[in-house]
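>>> Provide a 3D model corresponding to the input given below.
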Amino acid sequence: MEIDKKQYEEYVKTITPVHALWPAMAKAFLTGGLICTLGQFITNWLMNSRGLEQEAAGAWTSLTLIFLSVLFTGLNIYPKLVTFGGAGALVPITGFANSVVAPAIEFHAEGEVFGVGCKIFTIAGPVILYGVLASWAMGVLYWFGRIMGIL
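Next up, the predicted model:
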């Protein structure tokens, strides 16, 4: 049975999800803001209550946020946060930790080597690859700029 073009277009319209831009942006802003506020709270607490310097407090804050992201991913809470907050939950360091852990959890049934070992960087791998490549390219440009006296 063949469907004509108009029927197909109507069918596509009925099954395509409608996205509301402004509410999605508000949710992302709220989610990302809450993650960053939590990070600032941890940093302030470490500096004021524990007497850490700003650099050490920042490092411990990053580690704490990564740990919480991994824990919440394992408890299937972080994916729900991503569904609600979108980019607000994916852009901070917590989203990167989630993108590394989620495939490891998903493919754990395939074994340690072929499951976790091979699939752990399926999402985060390109980010790491292009980040290192871009850093190398910028380093080469900086080096040439220094040699030529531009920088």
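>>> residue contacts, the spatially most central residue of the chain?
Closest residue to the average C-alpha location of the chain: residue 95 at 2.5 Å, with CA atoms, centre = their mean. The contact partners of residue 95, by CB atoms under 8 Å, 6 or more residues apart in numbering, come to 69, 82, 89. Where C-beta positions appear, they are placed from N, C-alpha and C, glycine not excepted.
>>> hmm, who's touching the least confident helix or strand in the chain by mean pLDDT?
Least confident helix or strand, the chain: helix 118-119 with a mean of 74, by mean pLDDT, DSSP states H and E. The contact list for helix 118-119, computed with CB under 8 Å, 6+ apart, reads 103-104, 106-107, 110.
>>> May I see these arranged in a markdown table, with distance to residue 64, neighbour count and pLDDT as well?
A markdown table is the format used below for the contacts of helix 118-119 (distance: CB to CB, whole Å; neighbours: other CB atoms under 10 Å; pLDDT from 0 to 100):
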| residue | distance to residue 64 | neighbour count | pLDDT |
| --- | --- | --- | --- |
| 103 | 23 | 19 | 83 |
| 104 | 20 | 19 | 79 |
| 106 | 25 | 14 | 78 |
| 107 | 27 | 17 | 76 |
| 110 | 31 | 13 | 76 |
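>>> any chance you could map the helices in the protein?
Using DSSP state H, the helices found in the chain span residues 5-15, 21-49, 54-74, 78-85, 87-90, 93-106, 118-119, 124-147.
>>> can you list the weak-confidence ranges in the chain?
For the chain, residues meeting the criterion pLDDT under 70 lie at 1-2.
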